[in-house]
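[1] starting from these lines, generate the structure:
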Amino acid sequence: MKIAPNAIPHTLIHHTVRKCAIRCTGENFIACLILLCCTLWFPVSVQAFETFSCKETWFDATLKESIDSNRQPDREQNCPVRKIDASMENTGYRVMDDRAYWFSTSSNRRSPCPGVGVGALGQIFNPVCWLPSKLQVHHTHAERSFWLVSNDGANFQVARSNQTTLTPAQKTQLNNYAMDRSSVYLRSSKIKDADPESFEVIFPFSDDDSLQQYSLATDRNHLFIDGWAFPKIDLAQIEWVNITCTDEPYKCRTPIIGKVGNDILFFDNGARPRLFPNLGTPDLTCSRREYENYCISNGKRYLIDRRFEEPSLVAQPKD
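    So this is what the prediction gives:
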């Protein structure tokens, strides 16, 4: 007789294990051992050992507004799809009742016997932990939060790109942008001064792994880097500056500095991109010591201070 999927509930196996642990002594030890082996012999594919739950929270305010005001959710509900797996997007946009939201998903998988090594010695007293992991009951709980982005859901759409062939990473970057009739958005935030009619996501550094982490776009008046507005720059004319590490190599994680006409464009991981005017002189040289970036321009030495999110330029005294 063929066993139907999920015909053997996990509670039966756990009950069998616990029962064997209590009664498997003396003359019935062999019988219990045989029963336990037969129970574990059934194919894992017919068991149901993964359980799921999911909750949604909705905020009628932006992510920043919700954090700044410590706002409580405006409504909560169970997810329409209880199981959220790797095939589903963890972030993205959703239009609901003519309003557009940005969502983010987190999940946590709990197991009855999660530990390993010395810290898991106590689990030997739990009969369930005698079972292989695939025969234990695991529970995944997901939480998906939605923050209001736009009240113009009828005109809300993903941003444009003229590049026809995109890598998976580029598709992810493109899907982080959206627009409605009057504004452009990057994830949960509105991009200041962006023009939706001429806005386009671009990928000028697709052959440079170090620059692919930065998201670029343009409109008729601006270049946008990670949502920050810059003057229109001809990216093809950037001259990348060789940065010297003046410390132990393992202490140097050099930034990226490009010379654009008379200015320099500064990138560093975790910091806001900045354009520093009038530093792109013929004698420009830059160096890195631990987390400090120095540039010499027109005979003067400057520290590009990036201890905070927005790097700043600090003139250094003469030696």
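
[2] from here on, contacts and neighbour counts on C-alpha atoms
    OK.

[3] beta partners for residue 200?
    residue 218 (DSSP bridges).

[4] ignore the last one, residue 53
    residue 141.

[5] all helices of this structure, in order?
    10-23, 29-41, 63-68, 168-175 (DSSP state H).

[6] and the contacts of the third one?
    With contact meaning Cα atoms under 8 Å, 6 or more residues apart in numbering, helix 63-68 is reached by 59, 71-72, 147-148, 188-189.

[7] burial of the nearest residue in space to residue 242 that is not next to it in sequence, as a residue count?
    Leaving aside its sequence neighbours, residue 242 sits nearest to residue 286 (Cα to Cα, 6 or more residues apart in numbering; 7.2 Å). Using other Cα atoms under 10 Å, residue 286 has 19 neighbouring residues.

[8] also residue 100?
    Neighbours of residue 100 using other Cα under 10 Å come to 25.

[9] hang on, it packs against residue 158?
    No: if you go by Cα atoms under 8 Å, residue 100 and residue 158 don't touch, sitting 11.3 Å apart.

[10] for the stretch 201-319 of the chain, give me the ranges with low pLDDT.
    251, 308-309, 318-319 (pLDDT under 70).

[11] the residue nearest to residue 242 touches residue 245, doesn't it?
    No: with contact defined as Cα under 8 Å, residue 286 does not reach residue 245; the gap is 9.1 Å.

[12] and the strands in the stretch 201-319 of the chain?
    Along the stretch 201-319 of the chain, counting by DSSP state E, counting those that start in this stretch, strands occupy 216-218, 222-225, 228-231, 239-240, 243-245, 256-260, 263-267, 274-276, 285-289, 292-297, 300-305, 312-315.

[13] which one of these lies nearest to residue 193?
    For the strands of the stretch 201-319 of the chain, the distance to residue 193 is smallest for strand 228-231, at 7.7 Å, taking Cα to Cα.

[14] what does the domain assignment say about this structure?
    The chain resolves into domains spanning 10-42, 50-113+124-150, 156-232, 237-315 when parsed by automatic domain parsing.

[15] how distant is the longest one from the center of its chain?
    Looking back up the chat, that one is domain 50-113+124-150. Between the centre of domain 50-113+124-150 and the centre of its chain there are 14 Å (Cα atoms, centre = their mean, to the nearest Å).
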